[in-house]
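give me the fold of what follows.
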Amino acid sequence: MYYSARTMGYRMVGMRPDAAMIIGMTLIGFGLVTTLYALMPKGADRIRKDAAAVRVRALDDARIRPQHVAMLLVVSIAIVIDVMKPAALSFVAPGMTKEYGLKAVTNPHGHLPVALLPLCGIAGTVIGSWLWGWLADRIGRRSSILYAGILFVSTSICGAMPGFSWNLLMCFFMGIGAGGLLPITFALLAETIPARHRSWLMVLIGGGVAGAGYVMTSWLAGALTPHYSWRILWLIGLPTGVLLIALNYWIPESPRFLLAVGRRDEAEAIMRHFGAEVVPGDADTTAPEGQAKRGYLQLFAAPLAGPSVAIGVLAIGVGLITYGFQLWIPTNLVHLGFTTVNSDYIVRNAALIGLPISLGITALYGFWSSKKTIILFSAVLAIALFGFVIEGNSVAHNHGLLTALLVIPLSGTSLVAAIVTVYAAEIYPTGIRSHGTGFAAGATKAGGLLIIALVVLATTTPSIAQTALIGCIPIVAGIAIFGWAGFETNHRRLEDITHAEELALAGSQAE
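I've put the predicted structure just below:
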């Protein structure tokens, strides 16, 4: 259907799904259900209970091996693919608005708000983040990443949906697939990388690589959409999803998961491969069995309640910026007089300039202080956003200032999101680590869901100044809470962090 519409500029509005498409979509749904069933291991109900009885200790004096480098490269590619899915929402919005006659700042007389599309997509990512956090502790880290790749392939048919309502449905399922990949990979990396290299490598992967995903999407939007319409950005999900599935061969399973399902020989082989060792758990370093069973509720029990609230508030602020400020940047730039292609390249240039900044923040987090770095860079992000509040729409008359102010929100927002998720992967015990990273990622998307819902209710796209102000408020609040309740994780083994938390809890109870 997409190919047959090439003589019409790939406009498919008004077409109706034929029998082949209906049958194909039905088979896709059936295939997704049966694939998930096939990935479910035997005895999955015992996994979290058994996992609480072992620890996998990364050797503090171990060097980064070629095996680590290979895994990091594969995970980096996976994260780029993951980031490209939700990032495409901002670049398909202008073309979709024009094809379907939707209401936006560039078309105030449309019938339905274009914001319904990101609303459905981000709602899917919220559910996906929390669902994947639970799923990764049930079927394993590697299996969850594999299933996300299958969802990416399946939901690429968004690009062939003729009606807007069909796009909304498929975008929701796309969001579910994209929502959980990042937190799963962070949980896996935290359990595999030696302690002294863990922080900076994870931030580099999550921040710099995620920024590269945004750069890649903006470049593809500028290069392909003028010739193949906005639909090509969804159809790219097919080859990238297949690539993710193929790369899964080089992604190891979590040793804790393998131990829990009785595959000890495989777990020990993976640990030897990465220079780590498996040791029995004990009462001092392992989360109690009862706590591990509580899942998401345990995130808000002492001594984790304070850091969890700080993570949640900062993550919501990041979501408000990502899906309030970043999402509407291309549309707002078009409204201010830039062409669609020029706006895409302005966004790309600002994101590229911000990549070296990501490297600096990565070094600070890994070699200086995790807590202080989060506070410092969040403050810089708030200041940059406040510059848009002051300048408003007049910033369009100064291209240099516009690019400079865009650098931190475009490259830095994904970096803050990555740092918050990395921090969650470090402070939560093994039994609820995937739940914690899923919570952090889900809170980020929940902030996006909130701002997009407000846009839908207002039936108009907010200005640059409005979205910047909305994002500033929770970032400032998160800085204050984090300064009061945050833990330091720099150069500390995961077991040592958990042990310190338990000692703090025991001391407070004794008092």
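
quick one: the strands in this protein?
Here the chain has its strands, by DSSP state E, at 54-58, 276-280.

just how off-centre is stretch 477-493 within its chain?
Between the centre of stretch 477-493 and the centre of its chain there are 21 Å (C-alpha atoms, centre = their mean, to the nearest Å).

and the end-to-end length of it?
Taking C-alpha to C-alpha, to the nearest Å as the measure, stretch 477-493 stretches 29 Å from start to finish.

rewinding a little: least reliable of the strands of the chain going by mean pLDDT?
Here the strands of the chain differ in mean pLDDT, and the lowest is strand 54-58 at a mean of 54.

buried residues, the lengthiest helix in the chain. List them.
Counting by DSSP state H, the longest helix found in the chain is helix 66-100. Buried residues in helix 66-100, defined by neighbour count with 16 or more other C-beta atoms under 10 Å: 68, 71-72, 74-100. Backbone N, C-alpha and C define where each C-beta goes, glycine included.

name all residues that make contact with I321.
381, 385, 409, 413, 447, 467-468, 471, 475 (C-beta atoms under 8 Å, 6 or more residues apart in numbering).

quick one: which of these has the most company?
With neighbours taken as other C-beta atoms under 10 Å, the top of the contacts of I321 is G471, carrying 31 neighbours.

S308 versus that one, what's the distance?
The gap separating G471 from S308 is 21 Å, by C-beta to C-beta, to the nearest Å.

coming back round to it: show me the contacts of I321 that map onto helices.
Those of the contacts of I321 lying in helices (DSSP H): 381, 385, 413, 447, 467-468, 471, 475.

quick check: of those, which lies closest to N490?
Distance to N490 across the ones in helices among the contacts of I321 (C-beta to C-beta) is lowest for L381, with 20.7 Å.

quick check, the closest one in contact with I475.
Yes. Counting by C-beta atoms under 8 Å, L381 does reach I475; the two are 6.1 Å apart.

from A70, how far off is M15?
45 Å.

ditto for I375
I375 is 34 Å from A70, by C-beta to C-beta.

grab the most central residue of this structure for me.
Residue closest to the mean C-alpha point of the chain, counted by C-alpha atoms, centre = their mean, is L182 at 4.8 Å.

wait, that residue touches I79, no?
Yes. At 6.2 Å, L182 and I79 qualify as touching, with contact defined as C-beta under 8 Å.

low-confidence ranges, the stretch 351-500 of the chain, go.
351-355, 392-400, 402-404, 411-412, 430-431, 455, 458-462, 495, 498-500 (pLDDT under 70).

before we move on, what about the stretch 51-200 of the chain?
For the stretch 51-200 of the chain (pLDDT under 70), the answer is 51-62, 105-106, 108.

can you pull out the helices in it?
Applying DSSP state H, counting those that start in this stretch to the stretch 51-200 of the chain gives helices spanning 66-100, 116-139, 141-155, 164-179, 181-190, 195-203.

can you say which of those helices is nearest to P41?
helix 116-139 (6.2 Å).

which strands and helices lie in contact with that closest one?
helix 47-51, helix 66-100, helix 141-155, helix 164-179, helix 181-190, helix 433-458 (3 or more C-beta pairs under 8 Å, 6 or more residues apart in numbering; DSSP states H and E).
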